[in-house]
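Enquirer: Sequence and computational prediction follow.
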Amino acid sequence: MRVLLSAEEIAERVEALADGFAGQVDDGWTVVALLQGAIPFAADLMRAIERRGRHPIYDSLWLESYHDARESSGKVVVRADISRAIEGRPALIVDDVFDSGRTIAYARAHLMAKGATRTLACAFVRKPQAMGEAIDAIGWDAPNDFLVGYGMDDAGRYRGLPYIAALD
Ligand SMILES: O=P(O)(O)OC[C@H]1O[C@H](OP(=O)(O)OP(=O)(O)O)[C@H](O)[C@@H]1O
Ligand SMILES: Nc1nc2[nH]cnc2c(=O)[nH]1
């Protein structure tokens, strides 16, 4: 395992993202974390947003396309939907990694179909193949490795690593 981004570097980047969102994401917004991978990043980002005096609603949407594989199945499946009405509200989608872009594109379409007024999307990590795909904010541009840590898993393992590493 090669460590690529330390816990300290992650924390600095989360604060910078929260600074960027604090002017936009007010109490009328819903923050939607994409399970399972978004959990550590969403927890850090929500706390950073709350520290800036903003109190959006928190919800989560469980989407899956990789299962235990290192390549996307190409098909996004909803395992569990959001728990509150999103109709008439803007949503900030939060995910751990933006790779093909398929998961976030699906989440945007899903929330808009349920009546969200607009979506912003944020992933902590962007992989090279997602360059040019639609995303509103990212924390870090990663190399083209298979990554683990800070929410990212290998068959369910390593999600709790406080740093991001490449698996060789
Ligand atoms: O941009 P993409 O190519 O769609 O890849 C990104 C998605 O891949 C992972 O989800 P996964 O299906 O592995 O579920 P998980 O969140 O439970 O790990 C990750 O959490 C992102 O949601
Ligand atoms: N764990 C993990 N999940 C992903 N989903 C899309 N890209 C990745 C990656 O690099 N690592």
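Expert: Happy to help now that I have it. Ligands and ions are numbered 1, 2, ... in the order given.

Enquirer: Could you pick out the residues of this structure near ligand 2 for me?
Expert: 66, 97, 99, 127, 146-148, 152-153 (C-beta under 6 Å from any ligand atom). Bear in mind the C-beta positions are built from the backbone N, C-alpha and C, glycine included.

Enquirer: From those, list the buried ones, please.
Expert: Neighbour-count burial (16 or more other C-beta atoms under 10 Å) is assigned, among these, to 66, 97, 99, 127, 147-148, 152-153.

Enquirer: would you turn the residues of the chain next to ligand 2 into CSV with pLDDT and distance to ligand 1?
Expert: Shown next, in CSV, are these (pLDDT from 0 to 100; distance: C-beta to the nearest ligand atom, whole Å):
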residue, pLDDT, distance to ligand 1
66, 86, 3
97, 97, 5
99, 95, 3
127, 96, 8
146, 95, 11
147, 97, 10
148, 98, 10
152, 97, 7
153, 96, 5
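
Enquirer: Now for these: which two are most distant?
Expert: 127 and 153 (15.1 Å; C-beta to C-beta).

Enquirer: All the strands of this protein, residue numbers only.
Expert: Remark: strands assigned in the chain by DSSP state E are 2-5, 30-35, 57-64, 77-80, 91-98, 119-126, 137-141, 147-148, 164-166.

Enquirer: Which strands or helices does the first one pack on?
Expert: Applying 3 or more C-beta pairs under 8 Å, 6 or more residues apart in numbering; DSSP states H and E, one finds that strand 2-5 contacts strand 164-166.

Enquirer: who are the neighbours of the strand it packs on, in terms of helices and strands?
Expert: Secondary-structure packing of strand 164-166 (3+ C-beta pairs under 8 Å, 6+ apart): strand 2-5, strand 147-148.

Enquirer: just checking, what's the longest helix in this protein?
Expert: helix 7-22 (DSSP state H).

Enquirer: for the protein, which residue is closest to the average position?
Expert: The centroid of the chain falls nearest to residue 95 when counting by C-alpha atoms, centre = their mean (1.0 Å).

Enquirer: Would you confirm that residue 44 contacts residue 15?
Expert: No: using C-beta atoms under 8 Å, residue 44 makes no contact with residue 15, being 9.1 Å away.
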